[in-house]
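Chemist: What follows is a predicted protein model with its sequence.
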Amino acid sequence: MTPDTTITPLERLIDAALPHVAFDGWTQATWDAAVTDSGVDPATARALCPRGAVDLALSFHRRGDRLMVERLKAEDLSALRFRDRIQRAVRYRIEIVAPHKEAVRRGTTLFSLPQYMPDGAGAIWGTVDAIWTALGDPSDDINWYTKRGTLGAVYGATVLFWLGDDSPGWMNTWDFLERRIDNVMQIEKAKGTMRKNPLLRPLIAGPAWLTRGVKAPGRGRFRGMPGSINRQGW
């Protein structure tokens, strides 16, 4: 069978791996089968994924992020509240990989192993960063981090719930997602109340002063670093 040259070698590897992941997980056996079935030259495959199945699993995850962003950009979300846009993005992200639920489950197991936990955390961070960026997040201070950290917790919990959800159309998952976002909004509302309360304002003045110089990556003095501190702001 002649490989489709309109599809990149990495895409061919991912597609060839997915039928095997359900049985073998993201393992060497899946990697070997993907290389064979895709027709990708082994040297090229190894150059694309130096760690084999681990990097292939990450590539599968990043493809989901890319497809989610494409879907978000194709729709007019201007009539939605911002919280509803976030909810829609998380739902899209899950729906995109829903046909490969077992591959997601196996990936979750893989990235729960101690040696791969940093990769898993980085993958989730990449997803929530893609969501906030696609929705036009203007933050360039500490909020850049807190928004992504909060959404990462919501996204991770929702995916885990979805993996065990067998309700029709995953309605229980969407209800769970809505409740988690409600929880976040309640926290933000409480923070806003504290800022407006003259009795509580001094309690948050110190932390606010300490974090006001924190900048988003690539926008401070140390470009390429994971954020920076602008001490001149102090």
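Modeler: Arrived safely.
Chemist: use CA for all of it now, contacts and neighbours both
Modeler: Noted.
Chemist: Now do the same contact list for the residue most central in space within the chain.
Modeler: When Cα atoms, centre = their mean is applied to the chain, the residue found nearest the centroid is T127 (1.9 Å). Counting by Cα atoms under 8 Å, 6 or more residues apart in numbering, T127 touches 62, 65.
Chemist: A43 versus that one, what's the distance?
Modeler: Taking Cα to Cα, to the nearest Å as the measure, T127 falls 29 Å from A43.
Chemist: Sketch out the low-pLDDT regions of this protein for me.
Modeler: In the prediction, the chain carries residues with pLDDT under 70 at positions 1-5, 187-215, 218-234.
Chemist: Can you list the residue ranges for strands in it?
Modeler: If DSSP state E is used as the criterion, the strands of the chain fall at 214-215, 228-229.
Chemist: Now do the contacts for R62.
Modeler: Residues 123, 126-127 are the ones in contact with R62 under the rule Cα under 8 Å, 6+ apart.
Chemist: Which ones among those residues map onto helices?
Modeler: When the contacts of R62 are checked against helices using DSSP state H, the ones located there are 123, 126-127.
Chemist: from the residues you listed, which is closest to W174?
Modeler: Using Cα to Cα, T127 comes nearest to W174 of the ones in helices among the contacts of R62, at 18.0 Å.
Chemist: which parts of stretch 19-36 are buried?
Modeler: 19-22, 24-27, 30-31, 33-35 (16 or more other Cα atoms under 10 Å).
Chemist: State the distance spanning the first to the last residue of it.
Modeler: For stretch 19-36, the first and last residues are 13 Å from each other (Cα to Cα).
Chemist: Over to stretch 103-121?
Modeler: Stretch 103-121 stretches 17 Å from its first residue to its last (Cα to Cα).
Chemist: list the buried ones in it?
Modeler: 103-108, 110-111, 119-120.
Chemist: same deal with stretch 121-130?
Modeler: Judged by neighbour count (16+ other Cα under 10 Å), stretch 121-130 contains these buried residues: 123-130.
Chemist: One more: stretch 8-18?
Modeler: Buried residues in stretch 8-18, counting neighbours by 16+ other Cα under 10 Å, are found at 9-10, 12-14, 16-18.
Chemist: Stretch 45-65 too?
Modeler: By neighbour count, and taking 16+ other Cα under 10 Å as the criterion, the buried residues in stretch 45-65 are 45-46, 48-49, 52-65.
Chemist: List the ones among those that fall in helices.
Modeler: Using DSSP H, 45-46, 48, 53-65 are the members of the buried residues of stretch 45-65 that sit in helices.
Chemist: Now go through the buried residues of stretch 8-18 and say which are in helices.
Modeler: Cross-referencing the buried residues of stretch 8-18 against helices under DSSP H gives 9-10, 12-14, 16-18.
Chemist: Stretch 110-122: end-to-end distance?
Modeler: Taking Cα to Cα as the measure, stretch 110-122 stretches 14 Å from start to finish.
Chemist: who touches that stretch?
Modeler: Applying Cα under 8 Å, 6+ apart, the set of residues contacting stretch 110-122 from outside is 26, 58, 108.
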